[in-house]
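*Asks:* how would this look folded up:
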Amino acid sequence: MSGEVHITDVRAAHRFDPAPLERFLEGRLEGFAPPLSLRQFEGGQSNPTYLLEAAGRRWVLRKKPPGELLPSAHQVGREHQILRALEGRGVPVPRSLVHCTDPEVVGSEFFVMEWLPGRVFLDPLLPGVSPQDRRAIYEHYIDVLARLHALDPVAIGVPEGFGRPGNYYARQVSRWTKQYQASRTHDIPEMDNVMAWLANHTPEDGRSAIVHGDYTLRNCLIDPKAPRIAGVLDWELSTLGHPFADVAHACLFTFSGQSDEAFRSLGVPTRQEIIERYVRASGQEPAEGWTFYFAFALFRIAAINQGVYKRGLEGNAASDHFMEALPGVRASAVRAWELVRAGTDTGSAS
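*Replies:* Prediction:
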């Protein structure tokens with residue numbers, strides 16, 4: 001079935017004794033009673049994610065992976081915080097129900113959230129979906145992002161220390177450069193060039209919003225019966241930041257080499273159309289040029305994929321597909337450097 005969620009037996013590297021978890025959840029998770037059945041979602045590359053089944057009900061558990069982790073990575077506590085803050089705020093998310101920092105329960109920090117029915121598409125062209133439904137899904141996807149960025153962090157109870165306003169790109173370029181350097185396994189000259197260029201070309205634009213940090217359709221549940229977003233997942237990179245970081249990230253699939261005509265024939269919006277709809281929905285002032293934003297998005301996805309690959313080599317990957325991440329590191333770095341060298345404004349919002 002198109003968009004089917006794949007669930008497997010728990011991978012050997014991510015197994016833990018379920019008995020302490022059963023004891024922890026009794027009395028804390030409404031409706032829970034042992035025995036507990038535990039399986040793992042396939043496809044995620046960062047935090048291991050499990051399907052919990054007990055007493056005829058389902059929940060989802062997200063935990064930090066085992067082993068030595070990069071600084072500031074795998075922030076499942078951050079996910080729990082932002083899911084709690086977003087509940088009932090017009091951004092579709094699962095409810096986070098229980099959070100635990102005691103490593104004695106499952107081996108690392110974790111949280112449990114409600115299970116939502118839905119479809120997951122790893123292919124942004126949404127195979128098996130009609131052009132009309134593709135267009136409707138993408139429009140809702142963009143509108144949800146605009147709704148997120150319109151929220152006042154203080155008013156919805158985002159905890160102090162969740163993020164810092166201002167200097168977002170300077171902090172992010174520095175952070176991901178360090179993350180990449182800590183996990184690099186190959187020399188990629190284009191990546192070095194892009195990191196240096198970004199550090200010297202951060203925009204002087206202080207707008208700030210709650211950003212998802214990894215806003216792609218593959219991190220969204222599509223309603224099983226309607227062309228709309230049922231839930232936005234994977235909030236570990238969420239922070240206070242520049243809203244165009246999310247917009248550029250949402251456009252990454254448009255760098256696949258498909259022509260605008262090919263996208264339109266499928267009912268998928270082009271890069272330009274995504275930006276224009278976001279600007280209308282959000283009321284944000286458009287940017288003068290998008291080269292920096294797209295180069296940063298490509299650089300960051302390269303750094304993320306490098307971390308995935310390194311964790312896989314060390315046996316800590318959340319999926320058996322970690323080897324697929326390495327080609328993406330070089331491809332994203334090369335594309336980012338091509339954008340920079342061309343000085344191309346690849347998407348105007350005017």
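*Asks:* Return the residues in contact with the residue most central in space within the chain.
*Replies:* Central residue check for the chain by C-alpha atoms, centre = their mean: the C-alpha nearest the mean position is that of residue 214, 2.9 Å away. Contacts for residue 214 were tallied using C-beta atoms under 8 Å, 6 or more residues apart in numbering; they are 234, 236-237, 249, 304. All C-beta atoms are positioned from the backbone trio N, CA, C, and that covers glycine.
*Asks:* counting contacts, what elements does the biggest helix by length in the chain pack onto?
*Replies:* Longest helix in the chain by number of residues (criterion: DSSP state H): helix 291-313. Helices and strands touching helix 291-313, by 3 or more C-beta pairs under 8 Å, 6 or more residues apart in numbering; DSSP states H and E, are helix 168-183, helix 189-199, helix 243-250, helix 325-342.
*Asks:* could you show me where the helices are in the chain, in order?
*Replies:* Taking DSSP H as the criterion, the chain contains helices spanning 18-25, 76-86, 103-106, 131-150, 168-183, 189-199, 243-250, 260-266, 271-282, 291-313, 325-342.
*Asks:* and residue 51, which of these is closest to it?
*Replies:* helix 18-25 (12.5 Å; C-beta to C-beta).
*Asks:* So which other helices or strands are in contact with the closest one?
*Replies:* Counting contacts by 3+ C-beta pairs under 8 Å, 6+ apart, helix 18-25 is packed against helix 103-106.
*Asks:* If you average the pLDDT over the helix it packs on, what comes out?
*Replies:* Helix 103-106 shows a mean pLDDT of 95.
*Asks:* Okay, buried residues for that helix please.
*Replies:* 105-106 (16 or more other C-beta atoms under 10 Å).
*Asks:* try stretch 326-335
*Replies:* Neighbour-count burial for stretch 326-335, counted by 16+ other C-beta under 10 Å, picks out 326, 328-335.
*Asks:* now swap in stretch 106-124 and tell me
*Replies:* If you call a residue buried by 16+ other C-beta under 10 Å, then stretch 106-124 has these buried ones: 106-113, 116, 118-121, 124.
*Asks:* what do you get for stretch 215-232?
*Replies:* Across stretch 215-232, burial judged by 16+ other C-beta under 10 Å covers 215-217, 219-223, 227-232.
*Asks:* between the contacts of residue 214, which is closest to residue 81?
*Replies:* Nearest to residue 81 out of the contacts of residue 214 is residue 236 (C-beta to C-beta; 10.7 Å).
*Asks:* Contacts only, for that closest one.
*Replies:* 46-47, 74-76, 78-79, 213-214.
*Asks:* Of the residues you listed - the most surrounded one?
*Replies:* residue 76 (25 neighbours; other C-beta atoms under 10 Å).
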